[in-house]
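> What follows is a predicted structure for the sequence shown.
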Amino acid sequence: MAKFPSQRRMLYQTGALSNDLFSIPTSGGVAGALNLPKDLSLLNRRGYASTTRKGVPLIYRVKIDFYPQDEDGQGPSTAMGADFQATLKVAGCQSNWVMRNAAVKFHAAREKSFRDAGISRSARGAYSHEVRYNFDNANDTWLVPIDGNGDAFNGGTWDVSNLSYDGDGSFQLGLVGNGDDEETDAFSGTYLSIGHSYLVSRVNQLSDTNLEASEGPAHYSVLKSMLSTDTVTENTDDVTGQARDSQDNPPYEVLDLSDSGDISHDITETVELGRVVCGQGYGHGSVIVDIPFGIAGMKATVYDAADTNVTPSLLIGVEVLDIFEMQG
């Protein structure tokens with residue numbers, strides 16, 4: 001992982017927001033997702049990434065400020081109701097062992113593909129040490145930070161990683177969105193959701209098959225009896241059945257490899273990382289969120305009860321507070 005950034009605060013516009021309708025912000029002339037590794041690389045003039053050089057995902061802890069005005073400090077051009085408020089929602093992938101292992105495995109698979117092709121590290125791009133991910137689709141577009149005058153930074157080129165294997169010429173990896181049916185057909189698409197792809201690569205664990213014990217636990221009627229050491233049981237069969245069968249099913253969705261249509265899965269869904277509300281009567285709203293891989297989708301809306309239908313552009317400030325490895 002690169003050193004902690006010295007330039008760690010960035011500004012983004014939202015573009016015109018609609019009343020009662022959440023829309024993707026537009027900053028620097030581009031509507032898209034937030035990519036902190038890209039923008040930190042731009043402003044610090046060094047490479048930042050979504051993972052370590054071993055593929056372990058990085059969590060970017062950031063403070064997000066949401067201002068009810070544009071970069072010039074101007075609010076809505078038409079008077080809004082006193083109850084005017086704007087809401088910004090921040091969504092990202094899940095931070096768990098599946099996503100951590102998926103990133104590490106795909107990093108290893110990419111490195112193996114280079115080795116198998118006889119490509120040395122020196123023959124690869126200078127910034128090709130880690131996988132660059134999409135958010136929810138191949139060739140995602142990214143928000144562009146703005147400078148102190150409200151103009152977009154030029155930036156450089158951010159190439160999302162392309163991978164290949166024997167059954168497919170070229171594809172990209174992403175964090176959320178439907179997986180692919182890797183059970184009935186060889187993958188030949190352009191986008192893989194890494195959490196789903198990792199789960200279907202594993203052997204599914206069967207339900208617990210503990211055999212019935214020869215002696216059951218003692219019979220307890222109330223808490224005191226349950227904690228007693230000299231209570232005689234009368235419901236051994238019930239308690240033994242509970243020990244063997246109760247709470248035996250996974251408390252999470254299990255992929256059904258026999259169902260080729262099982263591509264929309266819990267692991268492919270976003271989670272809300274945080275939301276900010278600002279409006280009349282207070283200058284801005286703030287929230288601290290942890291963004292897995294440093295990549296997040298944002299949506300915003302404005303609202304007042306009178307439905308004034310003003311479409312103002314608001315301002316988003318993002319300040320990086322910490323960068324650390326995902327635990328999973």
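Happy to help now that I have it.

> Now do the helices in this structure.
36-44, 97-116, 194-200, 223-227, 236-245 (DSSP state H).

> Same list (the ones you listed) but as CSV, adding mean neighbour count, mean pLDDT and distance to V320.
Glycine gets a C-beta too; all of them are placed from N, C-alpha and C. Shown next, in CSV, are the helices of the chain (neighbours: other Cβ atoms under 10 Å; pLDDT from 0 to 100; distance: least, Cβ to Cβ, whole Å):
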stretch, mean neighbour count, mean pLDDT, distance to V320
helix 36-44, 22, 97, 7
helix 97-116, 18, 91, 20
helix 194-200, 23, 89, 24
helix 223-227, 10, 44, 50
helix 236-245, 14, 55, 49
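
> Can you pull out the low-pLDDT segments for the stretch 151-300 of the chain?
Along the stretch 151-300 of the chain, the parts satisfying pLDDT under 70 run over 167-168, 203-248, 257-261, 281-282.

> one more time with 90, if that's ok
163-171, 179-189, 196-197, 199-268, 278-284 (pLDDT under 90).

> Which parts of it are strands?
For the stretch 151-300 of the chain, applying DSSP state E, counting those that start in this stretch gives strands covering 163-165, 168-174, 191-193, 271-279, 285-292, 295-303.

> got the contact list for the nearest residue to D159 once chain neighbours are set aside?
The shortest distance from D159 to any non-neighbouring residue, by Cβ to Cβ, 6 or more residues apart in numbering, is to R132 (6.8 Å). With contact set as Cβ atoms under 8 Å, 6 or more residues apart in numbering, R132 has these partners: P37, A49, S50, W158, D159, V160, S161.

> Apply the buried test to these and list what passes.
P37, A49, S50, V160, S161 (16 or more other Cβ atoms under 10 Å).

> you'd agree the third one is up against I59?
Meaning S50. No: checked against Cβ atoms under 8 Å, the pair S50 and I59 is beyond contact range at 10.1 Å.

> between those two, what contacts are shared?
Common neighbours of S50 and I59 are not found (criterion: Cβ under 8 Å, 6+ apart).

> What distance do you get for G169 to Q85?
48 Å (Cβ to Cβ, to the nearest Å).

> And those two? Which one has more around it.
Set G169 next to Q85 and count neighbours by other Cβ atoms under 10 Å: Q85 wins out with 18 against 9.

> How about the contacts made by the more buried one?
V277, C278, G279, Q280, V302, Y303, D304.

> Make CSV out of those and add distance to R45 and neighbour count.
Below are these laid out as CSV (distance: Cβ to Cβ, whole Å; neighbours: other Cβ atoms under 10 Å):
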residue, distance to R45, neighbour count
V277, 35, 16
C278, 32, 23
G279, 37, 21
Q280, 40, 15
V302, 36, 26
Y303, 40, 21
D304, 43, 21
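
> Could I get the pLDDT score of the nearest residue to V160 once chain neighbours are set aside?
Using Cβ to Cβ, 6+ apart and skipping the chain neighbours, the partner closest in space to V160 is R132 (4.9 Å). Note on R132: pLDDT of 96.

> And for the one 3 residues further on?
According to the prediction, F135 has pLDDT 97.

> Could you give the number of residues near it?
By other Cβ under 10 Å, neighbour count at F135 equals 23.

> of the contacts of Q85, closest to T14?
V302 (9.2 Å; Cβ to Cβ).

> State the distance from that closest one to L42.
V302 is 29 Å from L42, by Cβ to Cβ.

> repeat for E183
Distance from E183 to L42, by Cβ to Cβ: 41 Å.

> try P312
27 Å.

> Same check on V200?
36 Å.

> what does E130 give?
16 Å.

> ditto for G174
21 Å.

> One more: V90?
From V90 to L42 the distance is 20 Å (Cβ to Cβ).

> do the same with T157
11 Å.

> before we move on, the earlier item: can you redo the contacts of Q85 as CSV with distance to A138?
Output for the contacts of Q85, formatted as CSV (distance: Cβ to Cβ, whole Å):
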residue, distance to A138
V277, 33
C278, 34
G279, 37
Q280, 41
V302, 31
Y303, 34
D304, 38
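
> Tell me the one of those nearest E71?
The closest of these, once distances to E71 are taken by Cβ to Cβ, is C278, at 15.0 Å.

> quick one: contacts for that closest one?
Applying Cβ under 8 Å, 6+ apart, we find C278 in contact with F66, Y67, P68, Q85, A86, H284, G285, L314.

> 6 Å instead, please
C278 makes contacts with F66, P68, A86, H284, G285, as judged by Cβ atoms under 6 Å, 6 or more residues apart in numbering.

> Could you give the bridge partners of the third one?
On the basis of DSSP bridges, A86 is bridged to C278, V302.
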